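**Q** structure for this input, please:
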Amino acid sequence: MIYWLRDPLSLDRMIEKARKLVESGRVERLDGGRFNVIGDHGTYTVVQTFEGKVTCNCPGFLRVGRCSHSTAVILLTQVLRGRRARRKERE
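**A** Now for the predicted structure:
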């Protein structure tokens, strides 16, 4: 069974870590859907496709397919999309 589905608290912890990464400015947008994320144990590269799929080169993502770094990028890009949508509504 997938680890984060078996233990819902681990999913909560991952989302909380991701939120903290975004709030502390540790997610840096590069080019072409690439981001540097400064984690607790190193700096990792997260790539987000046009469709929104993400990958990360950290050991956790390579092992289970999810991590706080990739989740931070998802959170950040959702916030940015929401801001753009609200701006368009006002225009």
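**Q** CA only for contacts and neighbour counts going forward, please
**A** Noted.
**Q** shaky segments in the protein?
**A** 1-9, 81-88, 90 (pLDDT under 70).
**Q** do that again at 80, thanks
**A** 1-9, 79-91 (pLDDT under 80).
**Q** what sits up against the strand or helix carrying residue 20?
**A** Residue 20 belongs to helix 8-23 when elements are defined using DSSP states H and E. Outside helix 8-23, the residues that touch it by C-alpha atoms under 8 Å, 6 or more residues apart in numbering are 4-5, 27, 37-39, 67-73, 75-76.
**Q** out of those residues, which is most surrounded?
**A** The most crowded member of the contacts of helix 8-23, judged by other C-alpha atoms under 10 Å, is residue 69 (34 neighbours).
**Q** where along the chain do the strands fall?
**A** 27-29, 34-39, 42-48, 54-56 (DSSP state E).
**Q** for the longest one, buried residues please.
**A** Neighbour-count burial for strand 42-48, counted by 16 or more other C-alpha atoms under 10 Å, picks out 44, 45, 46, 47, 48.
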